[in-house]
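Engineer: how would this look folded up:
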Amino acid sequence: MARTTSDGLDRNGSPPQTDGHVIDVAHTTRSLQRESPDNPEQQLPLHSKWINESCQAKLSSRKEIAFAELAIRILRIAGWQTGRFIRLTLTLASLSGVPTASNCDATLSSDLVKNGSVSSPGYPDPYPPGSHCRYDFQGRGKERVQVVFNDFLLHQPPESHRDCEGVDALVAYVHIEGRMEKIDSFCGDAMPKPLMSNGARLLLEFRGQHSSSHARGFKATYSFTENFGVLGGGGRQLSEWPCGFAFNSSEATSGYVTSPNFPGLYPRDTECHYFFHGAGTQRVRLRFHYFDVEGVQPCEASSASDYVEFSNFMARDRKYSRYCGQLKEFDIESDRKFFRLTFRSNDRLDGTGFNATYYFLDEEESSPAKPRPTSSARGNAVCWALVLLSIFSLLC
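Structural biologist: You can find the predicted model right below:
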């Protein structure tokens, strides 16, 4: 099935979708004019009218497709710079009329577009059996790739499969220490949570081996972002930090903060700082409504734990222990008007992160805080210890 887009002076247009083998480019231009060297008021044609000229080329590799997209971009830019009207009509169609497994790879670069959408071959129609597509997202510098799913329905046999092995699946990889490492895989009809890369690269691999009449595949929107997907009501991002955010009581006395990419899995090998600045005798209170940070107490590097750290200073504050694991709702409070929260993840496992509300409190507004957190695992250990102690006392 052919897919056609028209682009005149639309600078925000996405590059053509590369789900086929053939590209048709039809040019429609107006004659461009230049001044006569003898008479500045006289306009001479720069070139003759070129109307409805077209060409067709077979694209047999990803490099050729990428080159065609780049050439089209250059033509558009040239048209804008002349101040005249150049219109390009692009048609992409597969030779057989339907998408195939060999022509669905795509390289998506932030140099061309900062956001867009990707989908399985033929979406929303069922994808063809034997589909194998790679979507390579390539950002720059501090950019992270965030993918949010809009629809997800893959073929899955009646019997369950652990880790989506042997069934139609979408697999996500990130770039860690020079290699692409799998971070998650998705199958069936469960909508995946948002994904975020740990750096400027992310790879999605679609394996649609079986398909069915009901398996319409997936659709997702992507963006190259520098804000790490951090939701922070009342805060602002700090350009001098790779991942830093400031919250001032002069701008908002309360708001909310989240870990990167919440409620999706936070990216690996990431460090983010949240700085809270009160005034006068104000203090800062953080109330964590949700907390799931991979790790075990005492959340140190020796246990390969991710963690959240609190401090009344820019340096580490020994008053506060590090926090990790799955914790129930809890509060934590500063001693003075400045407070720092630091989130740190390593390159191994993932969690959903945290969601918290912050408050700047005046001295007279102080009220008892909720108790410090206890994980379910720690509570169970205490319970078993009491049971064993009771049994020991009976035996003695």
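Engineer: residues near residue 266, how many?
Structural biologist: 27 (other CB atoms under 10 Å). Every residue, glycine included, has its C-beta placed from N, CA and C.
Engineer: which residues touch the nearest residue to it once chain neighbours are set aside?
Structural biologist: Computed as CB to CB, 6 or more residues apart in numbering, the closest residue to residue 266 that is not its neighbour in sequence is residue 353, at 4.4 Å. Contact analysis of residue 353 by CB atoms under 8 Å, 6 or more residues apart in numbering lists 258, 259, 260, 261, 262, 263, 265, 266, 292, 293, 343.
Engineer: just residue 347 next, same as before
Structural biologist: With contacts defined as CB under 8 Å, 6+ apart, residue 347 is in contact with 176, 177, 181, 198, 268, 269.
Engineer: and the strands in the stretch 151-300 of the chain?
Structural biologist: 169-176, 179-186, 195-196, 201-208, 217-225, 235-237, 244-248, 254-258, 271-277, 283-293 (DSSP state E, counting those that start in this stretch).
Engineer: run through who's touching the shortest one.
Structural biologist: Applying CB under 8 Å, 6+ apart, the contact partners of strand 195-196 are 144-147, 172, 183-184, 202, 228-229, 260-261, 264-267.
Engineer: what about the residue nearest to residue 170 when sequence neighbours are not counted, neighbour count?
Structural biologist: Nearest residue to residue 170, sequence neighbours excluded (CB to CB, 6+ apart): residue 186, at 4.8 Å. Residue 186 has 21 neighbouring residues, counting by other CB under 10 Å.
Engineer: residue 186 and residue 293, how far apart?
Structural biologist: Between residue 186 and residue 293 the distance is 22 Å, computed by CB to CB, to the nearest Å.
Engineer: do residue 185 as well
Structural biologist: 22 Å.
Engineer: and these two? which has more neighbours close in?
Structural biologist: Between residue 185 and residue 293, residue 293 has the larger neighbour count (other CB under 10 Å), namely 25 against 17.
Engineer: was I right about that one contacting residue 341?
Structural biologist: No. Judged on CB atoms under 8 Å, residue 293 makes no contact with residue 341 at a distance of 12.0 Å.
Engineer: give the residues shared as contacts by those two.
Structural biologist: residue 308.
Engineer: what ranges does this structure have for its helices?
Structural biologist: All helices of the chain, identified by DSSP state H, fall at 62-82, 376-395.
Engineer: residues contacting residue 333?
Structural biologist: 283, 284, 285, 286, 361, 369.
Engineer: how does the chain divide into domains?
Structural biologist: Following automatic domain parsing, the chain resolves into domains at 1-97, 99-226, 235-377.
Engineer: looking at the last one now, give me its mean pLDDT.
Structural biologist: Think domain 235-377. Mean pLDDT, domain 235-377: 90.
Engineer: same check, this time on the first one
Structural biologist: Within the predicted structure, the mean pLDDT of domain 1-97 is 43.
Engineer: going forward, count from 668.
Structural biologist: Noted, 668 is the first residue going forward, which turns the last one into domain 668-764.
Engineer: and for residue 847, nearest residue in space, chain neighbours not counted?
Structural biologist: Closest to residue 847 by CB to CB, 6+ apart is residue 840, at 4.3 Å.
Engineer: what do you get for residue 781?
Structural biologist: Nearest residue to residue 781, sequence neighbours excluded (CB to CB, 6+ apart): residue 891, at 5.1 Å.
Engineer: is that neighbour in a bridge, and if so with what?
Structural biologist: Counting by DSSP bridges, residue 891 is bridged to residue 812.
Engineer: that one touches residue 782, doesn't it?
Structural biologist: Yes. Between residue 891 and residue 782 there is a contact under CB under 8 Å: 7.1 Å.
Engineer: more neighbours: the two, which one.
Structural biologist: Using other CB under 10 Å as the criterion, residue 891 and residue 782 rank with residue 891 on top: 25 against 14.
Engineer: ok, that one - contacts?
Structural biologist: 777, 781, 782, 804, 806, 807, 810, 811, 812.
Engineer: closest to residue 921 among the residues you listed?
Structural biologist: Closest approach to residue 921 among the contacts of residue 891 (CB to CB): residue 811, at 27.5 Å.
Engineer: pretty sure that closest one sits against residue 893.
Structural biologist: Yes. In this structure, residue 811 is within contact of residue 893 by CB under 8 Å, at 7.2 Å.
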